[in-house]
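Enquirer: Predicted model follows, preceded by the sequence.
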Amino acid sequence: MKKIITISIVLLTTIVNAQDQYTKGMQKAFELKGEGKTSEASNLFERIASAEPDNWLPFYYAAQVNTVASFGEKDEAKLTRQLEKAQEYTDLAKAISPDNPEILVQQAMVHTAWVAFDGATYGMTLSGKVTALYAKAAELDPQNPRVVFSKAEWDMGSAQYFGGDITPYCKDVERSIELFDNFKPESEFHPNWGRGRAEMTLENCKKQ
C-alpha cells in the first residue's frame, strides 16, 4: 500500500511539474512574441511543442508569430523563410487538431500574407483557398469572433483591391465585436486575439 501511495505521489508531482514548466514556457514565449522577437518566440514555442506532442497550441503560435511578422516584409527571402516555417507549424497543428476553426483561420492568414506581398503572383492561386477556408471555419464555429472578423477583413481587402465598397462588410465586423464580448477561451493560452483590431476596423468603417 505504501508503495502504491509513493508511486502515486511521484506521478502527481511529475504531472504538476510538467504543467508548471508548460505554463512558464508559454508565458515566456508570449512575452517574446509581444516584444516582436519572432525567432526567439518561434523557437521557444517549437521547444514547448516537442515536449507537448498532443497539444496543438505551441505549434499554432509558432505559426502565428511567423505569419504576423511577414505582413509588410519587403525582403522576399526573409518573408519566404518565415512563411515556410508558418506553413510547417500550421500543418503540424492541423495534424494534432484537424477541423479546428482557429487553425483554419491561421492557414488562411498564411495564404493572405503571400497575397499581401504580391497579389499579382499569388492572388489567382490563393484567393479561392482563403475564401474556402473561411467558409469551412464559419460552418464549424459560426460564433467564433476570429472567424467572423478575419473573414470580414479578407472580404474588405478583396473589395478594396478591386475598387469595391467595403461598407457591406462593416456589419460583420460589428457582429464580431459582439461575439468577442461573449467569448471565453478554453484556457489562458487558447486563442483570444483580435478584438482590438476589430475595433480599429469598425472605426475606419464609420469614416467611410
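Expert: In hand now; what should we look at?

Enquirer: so who does the most centrally placed residue in the chain touch?
Expert: The centre of the chain sits closest to Gln106, judged by C-alpha atoms, centre = their mean, with a distance of 4.3 Å. Residues in contact with Gln106 (C-beta atoms under 8 Å, 6 or more residues apart in numbering) are Tyr60, Ala63, Gln64, Thr67, Thr90, Ala93. Bear in mind the C-beta positions are built from the backbone N, C-alpha and C, glycine included.

Enquirer: wait, isn't the fourth one in contact with Ala116?
Expert: Meaning Thr67. No. Taking C-beta atoms under 8 Å as the definition, Thr67 is not a contact partner of Ala116, at 10.6 Å.

Enquirer: Which one's more surrounded, those two?
Expert: With neighbours defined as other C-beta atoms under 10 Å, Thr67 and Ala116 compare such that Thr67 has more, 25 against 17.

Enquirer: so where does that one fall, helix or strand?
Expert: helix 57-70 (DSSP states H and E).

Enquirer: Which neighbouring elements make contact with that helix?
Expert: Packed against helix 57-70 by the contact rule (3 or more C-beta pairs under 8 Å, 6 or more residues apart in numbering; DSSP states H and E) you find helix 2-34, helix 38-51, helix 76-96, helix 101-117.

Enquirer: For the last one, what is the distance to the chain centroid?
Expert: Going back to what we said before, that points to helix 101-117. Put simply, helix 101-117 sits 9 Å off its chain's centre (C-alpha atoms, centre = their mean, to the nearest Å).

Enquirer: the inter-axis angle of it versus helix 57-70?
Expert: Interaxial angle, helix 101-117 versus helix 57-70 (axes from the mean of the first three to the mean of the last three C-alpha atoms, to 10 degrees): 20 degrees.

Enquirer: likewise the third one?
Expert: Put simply, helix 76-96 runs at 160 degrees to helix 57-70, going by the same axes, to 10 degrees.

Enquirer: Assign a three-state SS to Gly128, would you?
Expert: helix (DSSP: H, G, I helix; E, B strand; the rest coil).

Enquirer: hey, which of the helices and strands packed on helix 57-70 is tucked in deepest?
Expert: Stretch with highest mean neighbour count among those: helix 101-117 (a mean of 23; mean count of other C-beta atoms under 10 Å).

Enquirer: tell me, how many neighbours does the closest residue to Asp99 other than its chain neighbours end up with?
Expert: In space, and not counting its chain neighbours, Asp99 is closest to Leu140: 6.1 Å by C-beta to C-beta, 6 or more residues apart in numbering. Residues near Leu140, counting by other C-beta under 10 Å, number 14.

Enquirer: list the contacts for Leu140?
Expert: Neighbouring residues of Leu140 by C-beta under 8 Å, 6+ apart: Asp99, Asn100, Pro101, Leu104.

Enquirer: Between the residues you listed, which sits nearest Ala77?
Expert: Using C-beta to C-beta, Leu104 comes nearest to Ala77 of these, at 28.1 Å.

Enquirer: Next, the contact list for the closest one, please.
Expert: Contacts of Leu104 (C-beta under 8 Å, 6+ apart): Leu133, Tyr134, Lys136, Ala137, Leu140, Val147.

Enquirer: Filter those residues down to the ones in helices?
Expert: Leu133, Tyr134, Lys136, Ala137, Leu140, Val147 (DSSP state H).
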